[in-house]
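Asker: no sequence on this one, just coordinates:
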């Protein structure tokens with residue numbers, strides 16, 4: 001029973017074994033005292049409980065070491081002590097065996113090449129495995145990089161909202177508006193000065209072009225909406241639906257009726273008027289109306305212009321106007 005004490009203390013036993021140990025402890029009070037002392041002795045291990053982050057190239061280094069070991073130590077299996085199946089295979093002549101093999105094998109009768117040695121076969125297999133793991137590793141690195149860029153982009157949008165909130169404090173709860181005849185690029189440039197925003201906060205790390213001021217805007221901004229009188233209105237911080245009303249997002253690329261993200265492969269970050277940021281794989285994340293979700297990059301008439309009403313949110317790219 002003693003061999004199970006450590007496993008019991010660290011919670012590594014199966015349920016049936018753990019129950020046996022607990023019954024043994026209940027029948028032997030001195031065991032309980034001994035286990036308590038062991039528990040105190042194990043307490044320093046708790047400080048090392050955090051998960052260890054392995055080096056990024058651990059898999060490839062391990063596979064490479066294994067491959068080197070196989071090549072250095074591999075030897076042919078001696079002919080003695082073979083299994084019945086191996087004895088049978090050994091008894092068949094090379095010509096008889098070749099008749100059962102497809103022509104793709106290099107040691108087929110139609111080929112003059114000699115069969116590769118086990119060492120060469122193992123080395124080739126290890127090379128194939130290494131190449132496969134390398135491809136998986138590269139895919140993982142790309143995925144981690146894209147995830148990190150999306151996270152950094154999300155933080156950028158939160159920083160922008162902090163500046164926009166300061167603007168609202170002195171402008172009657174109104175966020176900056178894209179004026180009639182003005183494009184989003186001009187509005188972002190004005191926002192950068194009036195809200196004390198850095199150029200880095202308006203540049204997505206996953207954007208398609210390097211950061212050069214606002215010549216290539218990586219973010220889209222709300223174009224406002226037309227009220228019943230046709231007057232252009234903007235977004236207010238005092239609206240009840242701030243947490244669901246989009247204010248900014250990664251800029252889109254319009255190709256006919258297809259809208260695709262340009263900063264991130266699988267979607268876009270969306271900053272809502274309430275300051276919350278959401279990553280969405282679809283552009284339909286605006287206020288719900290007409291029985292569905294609003295496409296944040298076009299209005300109800302499928303145009304990249306100001307919305308047809310307050311709940312018709314439209315985020316325009318650098319050159320778009322209300």
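Answerer: Looks like it arrived, so ask away. From a predicted model like this one, the values you see are computed outputs, not experimental measurements.
Asker: Surely residue 222 is in contact with residue 249?
Answerer: No: judged on CB atoms under 8 Å, residue 222 makes no contact with residue 249 at a distance of 9.2 Å. Quick note: C-beta positions are derived from backbone N, CA and C, even for glycine.
Asker: Pull up the overlap in contacts between these two.
Answerer: Taking CB atoms under 8 Å, 6 or more residues apart in numbering as the contact rule, the neighbours common to residue 222 and residue 249 are residue 315.
Asker: Now for residue 242, how many residues are close by?
Answerer: Residue 242 is flanked by 16 other residues according to other CB atoms under 10 Å.
Asker: should've said residue 258
Answerer: 8.
Asker: Could you check how far it is from residue 207?
Answerer: Residue 258 sits 20 Å away from residue 207 when distances are taken as CB to CB, to the nearest Å.
Asker: The closest residue in space to residue 196 that isn't next to it in sequence in helix, strand or coil?
Answerer: Leaving aside its chain neighbours, residue 196 sits nearest to residue 163 (5.9 Å; criterion: CB to CB, 6 or more residues apart in numbering). Put simply, residue 163 is helix when judged by DSSP: H, G, I helix; E, B strand; the rest coil.
Asker: Just list the residues touching the residue nearest to residue 276 when sequence neighbours are not counted, thanks.
Answerer: In this structure, residue 276 finds its nearest non-sequential neighbour in residue 243, 5.7 Å apart by CB to CB, 6+ apart. Shown in contact with residue 243 (CB under 8 Å, 6+ apart): 272-274, 276.
Asker: isn't residue 312 right up against residue 225?
Answerer: Yes: look at residue 312 against residue 225 with CB under 8 Å: they come within range, at 5.8 Å.
Asker: so where is the stretch 151-300 of the chain shaky, pLDDT-wise?
Answerer: 209-216, 256-257, 286-292 (pLDDT under 70).
Asker: That one: helices as residue ranges?
Answerer: 184-194 (DSSP state H, counting those that start in this stretch).
Asker: Surely residue 8 is in contact with residue 19?
Answerer: No: contact between residue 8 and residue 19 fails when scored by CB under 8 Å: they sit 10.5 Å apart.
Asker: Looking at those two, which is more packed in?
Answerer: With neighbours defined as other CB under 10 Å, residue 8 and residue 19 compare such that residue 8 has more, 20 against 11.
Asker: Could you check how far that one is from residue 34?
Answerer: 12 Å.
Asker: What is the burial count for the closest residue to residue 168 other than its chain neighbours?
Answerer: Spatial nearest neighbour of residue 168, chain neighbours left out: residue 237 (4.5 Å); criterion: CB to CB, 6+ apart. Counted with other CB under 10 Å, the neighbours of residue 237 add up to 19.
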